[in-house]
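[1] Here's a sequence, model it:
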Amino acid sequence: MHIAIAGNIGSGKTTLTKMLAAHYGWTPKFESVDFNPYLADFYADMERWSFNLQIYFLNKRFKDVVEISRCSDIIIQDRTIYEDARIFAPNLHSMGLMSTRDFENYSDLFDLMMSLVSKPDLLIYLRSTIPNLVAQIQKRGRDYESSIRIDYLTGLNKRYEDWIKEYDGHLLIINVDEIKFENKPEDFQKITDRIDAELFGLFPEVKQIDE
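    Below is the predicted model:
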């Protein structure tokens, strides 16, 4: 089984991945950040490094998806391959930070990859406002994130919402402005209760946790 967590930068994906892995005994699959050879350069000069960064992420996440498909464990994944192509690359292109030539090349490669893999059994989307994201980014204090632009985060947030509206897989939405799962055990239990219901009941309709 493949459970994936999606959400903007600073929404709490890695934290929730760790907590759910520990709670259920699932195998976590984390996003590669600390050892990414392009990330610091990208935040310093987005236009120069946008294509390189997105190809790096696409390569890594496609490998992850292939490994997950071959694994008999229950995998909980920090960020999905869909976010690269549906959120980050289009946002860079629309901001003029990725050329049309590079974007079309990237999109063709993504479409080919997606013809070979399946959607997650459950997608958990962490919905957040921009002020909450900024507070969380500042709290974790990564040097390479200190130069992230507000308009960049805002563009990502809009694309996340547009993507989620059209997503046709099994989906659970968590409002992380209200559900403080990291610090409140009762909020974390709300999430696990809903996941239990989703996984054992496999209800097709979208569920949202916001209070």
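
[2] Any buried residues in stretch 151-161, and which?
    152-153, 155-157, 159-160 (16 or more other CB atoms under 10 Å). The way it works is simple: take the backbone N, C-alpha and C, and place the C-beta from them, glycine included.

[3] sorry, that was for stretch 103-118
    Residues 103, 106, 109-110, 113 are the ones in stretch 103-118 that count as buried (16+ other CB under 10 Å).

[4] tell me which of the residues you listed is nearest to residue 42?
    The nearest member of the buried residues of stretch 103-118 to residue 42, counting by CB to CB, is residue 106 at 14.4 Å.

[5] My guess is the closest one contacts residue 89. True?
    Yes: if you go by CB atoms under 8 Å, residue 106 and residue 89 touch, sitting 5.5 Å apart.

[6] Kindly point out the strands partnered with the helix or strand hosting residue 3 and how each is oriented relative to it.
    Applying DSSP states H and E as the criterion places residue 3 in strand 2-7. Strand 2-7 has the following strand partners under DSSP bridges: strand 75-78 (parallel), strand 122-127 (parallel).

[7] where are the low-confidence patches of the chain?
    Applying pLDDT under 70 to the chain flags residues 32-34, 141, 143-147, 201-211.

[8] residue boundaries of the strands in it?
    Using DSSP state E, the strands of the chain run over residues 2-7, 27-29, 75-78, 122-127, 171-175, 207-209.

[9] Any buried residues in the second one, and which?
    Applying a neighbour-count criterion of 16+ other CB under 10 Å, one finds 28-29 buried in strand 27-29.

[10] just checking, what packs against that strand?
    The elements that strand 27-29 packs onto, with contact taken as 3 or more CB pairs under 8 Å, 6 or more residues apart in numbering; DSSP states H and E, are helix 13-24, helix 46-69, strand 75-78.

[11] Identify whichever of those lies nearest to residue 137.
    Per CB to CB, nearest to residue 137 of the helices and strands packed on strand 27-29: helix 13-24, 12.5 Å.

[12] Pull out the buried residues from the closest one.
    Going by 16+ other CB under 10 Å, helix 13-24 has these buried residues: 13-17, 19-21.

[13] Mind putting these into CSV with distance to residue 95?
    Converted to CSV, the buried residues of helix 13-24 look like this (distance: CB to CB, whole Å):
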residue, distance to residue 95
13, 23
14, 25
15, 28
16, 28
17, 28
19, 33
20, 33
21, 34
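
[14] Most widely separated two among these?
    13 and 21 (12.3 Å).

[15] what sits in contact with each of residue 106 and residue 89?
    Taking CB atoms under 8 Å, 6 or more residues apart in numbering as the criterion, residue 106 and residue 89 both touch 54, 98.

[16] Endpoints of stretch 30-37, how far apart?
    The first and last residues of stretch 30-37 sit 16 Å apart, counting by CA to CA, to the nearest Å.

[17] For the closest residue to residue 117 other than its chain neighbours, give its distance to residue 2.
    Among residues not flanking residue 117 along the chain, residue 65 sits closest, at 4.8 Å (CB to CB, 6 or more residues apart in numbering). In this view, residue 65 and residue 2 are 8 Å apart by CB to CB, to the nearest Å.

[18] Repeat that for residue 46.
    31 Å.

[19] before we move on, what about residue 51?
    Taking CB to CB, one finds residue 51 at 28 Å from residue 2.

[20] do residue 127 as well
    Counting by CB to CB, the gap from residue 127 to residue 2 is 21 Å.

[21] Appreciated, that's everything.
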